[in-house]
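> A predicted structure for the sequence below; I have some questions about it.
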Amino acid sequence: MAFLDNIRLKLSIRYINKNKKISDKEKKEQIKNIKKLIDEKDYEKRMSMLHDMTCDYLDKIFIEQNACGFKNNICVRRRDMMERGIKKPSYEDGCCHGYKEGKNCHYLGDHGCTIRNVACKLYTCPYLKKRGIKYSINKIYCTRYMLNWSQKVYLMSTFFIPKNEVLPGLIRKRYHV
C-alpha cells in the first residue's frame, strides 16, 4: 500500500507543477497535506483528516475570493434578483434558504453553516457558474488522488449531512471502484 501512496504523491506533485500556477506557499501546503494523509495508517482517521482538509481548503478559497459576495446577509445572486424585480419569499441566506419549505437549512446558524459538509461547500449556484466561479472535487489535490471514483460521487452527493454521518459511507466505498 505504501508503494501506491508514493505513486499518488509523485503524481500529485507532477500535477501541481505542470497544470496550475500556484504560489510556492500554497504548493508546499498542498504537498504537506498529501504527505500527512499518506503517513496516517488508520484509514478511518485518514478519511476524517481528508474531509477536514477539504472543508478547510474550500472555506479558505471562498473567504479569500468572497465568491458569494454577501452584503447584509444577501448574496450577489439575490441582490441581482432584487434589482431585476424577481420576487422571492426571502432574499437572505443565499443557497441555504429552502424555498420549497419556506425555511433555512436547519444547519444554518447565525454565523454560517454549523456542520462541515464537502458537497455543500463545493456547490455553486448557476449565477456564479456563469461568471466562471465553479469548484470541482478533482481540482483539490488531496481528494483527487486519495479518493476513488465511487467515493468522490458519494461525497459530492451528501448535501446537508454532518461529517459523522458521511464518513461511514465514505469508508464503505473504499473498494467500490
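Structure received. Numbering: from 1, shown residues only.
> any idea where the helices of this protein begin and end?
Listed in chain order, the helices of the chain (DSSP state H) span 2-19, 24-39, 43-65, 76-84, 118-122, 126-130, 141-146, 149-156, 163-172.
> For the fourth one, the averaged confidence score.
Helix 76-84 shows an average pLDDT of 85 in the prediction.
> Check the last one too.
Taken as a whole, helix 163-172 has a mean pLDDT of 95.
> same deal with stretch 127-135?
86.
> And stretch 128-139, how far out from the chain middle?
How far stretch 128-139 lies from its chain's middle: 11 Å, per CA atoms, centre = their mean, to the nearest Å.
> Restrict it to CA atoms and write it as PDB.
Extracted in PDB, the C-alpha atoms of stretch 128-139 (Å, rounded to 0.1, in the frame of the first residue of the first chain):
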ATOM      1  CA  LEU A 128     -21.800  32.100 -10.100                       C
ATOM      2  CA  LYS A 129     -21.100  29.400 -12.700                       C
ATOM      3  CA  LYS A 130     -22.000  31.900 -15.500                       C
ATOM      4  CA  ARG A 131     -19.300  34.200 -14.100                       C
ATOM      5  CA  GLY A 132     -16.700  31.400 -14.100                       C
ATOM      6  CA  ILE A 133     -16.800  30.500 -10.400                       C
ATOM      7  CA  LYS A 134     -17.000  26.800 -10.100                       C
ATOM      8  CA  TYR A 135     -15.300  24.300  -7.800                       C
ATOM      9  CA  SER A 136     -14.600  20.600  -8.600                       C
ATOM     10  CA  ILE A 137     -13.600  17.800  -6.300                       C
ATOM     11  CA  ASN A 138     -10.900  16.900  -8.800                       C
ATOM     12  CA  LYS A 139      -9.300  20.300  -8.500                       C
END
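> Can you give me the buried ones in that stretch?
Residues of stretch 128-139 classed as buried by neighbour count (16 or more other CB atoms under 10 Å): 128, 133, 135, 137. C-betas here are computed from N, CA, C, even on glycine.
> Sort out which one of the residues you listed lies nearest residue 43 for me.
Nearest to residue 43 among the buried residues of stretch 128-139: residue 137, at 19.1 Å, using CB to CB.
> Wait, the closest one touches residue 155, no?
Yes - Residue 137 lies in contact with residue 155 (CB atoms under 8 Å); the separation is 6.7 Å.
> shared neighbours of these two, which are they?
118, 143, 147 (CB atoms under 8 Å, 6 or more residues apart in numbering).
> Could you find which two of the buried residues of stretch 128-139 are furthest from each other?
Every pair of those checked by CB to CB; the farthest is 128 and 137, at 16.8 Å.
> Any stretches of the protein with poor pLDDT?
Across the chain, the ranges flagged by pLDDT under 70 are 1-22, 88-91, 97-103, 176-177.
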